[in-house]
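In: coords below, sequence missing:
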């Protein structure tokens, strides 16, 4: 009885640091979204706050999902991981046949006036599904056969998503590889697994000519018409200097950087807030990721630890790849910046993940 009450008291403690970091990133995201999208909002919809209103609605819904996940014991999801994973496979398959095409990409399902991106569900579903699978085979993770079989279960959704969204497939592949690596006591089999994963990524890269073209654009963006976005993003970064031009004063967002509120939003941050403002954002992400490292280390059980680790990996990959793309460190992959880039489905499922992390932290080991 005493242990039960102690557990209850532990569960009532809110993770203040994580909550503050999440709220700061949400606020930062909404502020920069309004600045980066106002021009496009007026141009397309005669409303400077058009994108902000939609993102605010999605964020409100996401906060409700975060609260629900934070107040729901994460073990509740253990017996539902198969259903969630199956649903993500089904919806990703539907995209191939009845998906809607937006900005040249077929990644959305229309639900009346709303659009839904199944690949965002796939990220959460894969984290929960692999956490459950690995926990169930924890004693056998030293065996190569077990490791490969678990990794193979992740391939269906990775392949489906990768057929029309290579960037998200890379994130899913990274999540799967990292969770297997964390749970495996042997590193040699992980190297083999990574080589196999690299082969799968190379295969998807070669399936579409435009993906190979992106490699050429990356090396010499000034020689290709499609390198325009990259060059304008770099101009924005360069013109920001140390402290930036000031909030709302970006020139590149005025039609020079296409869809500035989406993948290239980090370039607008650099232009308006400079190196200092961009560094503050990177520091917030670093603190959030570090917090999830602590949560994973202090989780009460392996299932909770793997959930926190999966969220950590998801955030790390997406933040690093987005900033690397904007700075032309790697080829353009079309990856959004968490909390900052425009996208309703993305922010909803991201905040749901944050709720899962909060619940894992609440039930962590006593320190």
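Out: All right, it came through fine. None of the values given here were measured: they were computed from a predicted structure.

In: excluding chain neighbours, what is closest to residue 156?
Out: Excluding the flanking residues, the one nearest residue 156 by Cβ to Cβ, 6 or more residues apart in numbering is residue 89, at 5.6 Å. C-beta coordinates here come from the backbone N, C-alpha and C atoms, glycine included.

In: now the strand or helix carrying the one you found: buried residues?
Out: Residue 89 is part of helix 81-98, with elements assigned from DSSP states H and E. Buried residues in helix 81-98, counted by 16 or more other Cβ atoms under 10 Å: 81, 84-85, 88-89, 91-93, 95.

In: who touches it?
Out: Here helix 81-98 makes contact (Cβ atoms under 8 Å, 6 or more residues apart in numbering) with 77, 106-109, 116, 118-119, 121-122, 124-126, 128-129, 131-133, 156-157, 160-161, 163-164.

In: keep only those of the residues you listed that are in strands.
Out: The strands, defined by DSSP state E, take in 106-109, 116 from the contacts of helix 81-98.

In: can you pick the most crowded of the residues you listed?
Out: Highest neighbour count within the ones in strands among the contacts of helix 81-98, by other Cβ atoms under 10 Å: residue 107, with 23 neighbours.

In: report the contact partners of that residue.
Out: 95, 99, 117, 119, 164-165.

In: for the residues you listed, point out the one with the lowest pLDDT.
Out: Across the contacts of residue 107, the bottom pLDDT score, 76, is held by residue 99.

In: now pLDDT too, for the ones in strands among the contacts of helix 81-98, in CSV please.
Out: Formatted as CSV, the ones in strands among the contacts of helix 81-98 follow (pLDDT from 0 to 100):
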residue, pLDDT
106, 73
107, 80
108, 80
109, 85
116, 83
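
In: farthest-apart pair in the residues you listed, please.
Out: 106 and 116 (13.3 Å; Cβ to Cβ).

In: dihedrals phi and psi, residue 141?
Out: Backbone torsions of residue 141, given as degrees, to the nearest 10, read phi -70, psi -10.

In: so what's the residue count around it?
Out: Neighbour tally, residue 141, other Cβ under 10 Å: 19.

In: does it really touch residue 179, like I thought?
Out: No - using Cβ atoms under 8 Å, residue 141 makes no contact with residue 179, being 10.6 Å away.

In: now list whatever residues contact both of the two.
Out: With Cβ under 8 Å, 6+ apart, residue 141 and residue 179 have common neighbours residue 134.

In: helix, strand, or coil at the closest residue to residue 142 other than its chain neighbours?
Out: In space, and not counting its chain neighbours, residue 142 is closest to residue 185: 5.0 Å by Cβ to Cβ, 6+ apart. Taking DSSP: H, G, I helix; E, B strand; the rest coil as the rule, one finds residue 185 in the coil state.

In: what is the burial count for residue 185?
Out: Applying other Cβ under 10 Å, I find that residue 185 has 7 neighbouring residues.

In: from the chain's centroid, how far away is whatever helix or strand residue 33 lives in?
Out: In this assignment (DSSP H and E), residue 33 forms part of helix 16-45. Distance, stretch centre to chain centre, for helix 16-45: 16 Å (Cα atoms, centre = their mean, to the nearest Å).

In: show me what the mean pLDDT comes to for that helix.
Out: On average, helix 16-45 scores 95.

In: pretty sure residue 266 sits against residue 323.
Out: Yes - if you go by Cβ under 8 Å, residue 266 and residue 323 touch, sitting 5.7 Å apart.

In: more neighbours, these two?
Out: Between residue 266 and residue 323, counted using other Cβ under 10 Å, the more crowded position is residue 266 (25 against 21).
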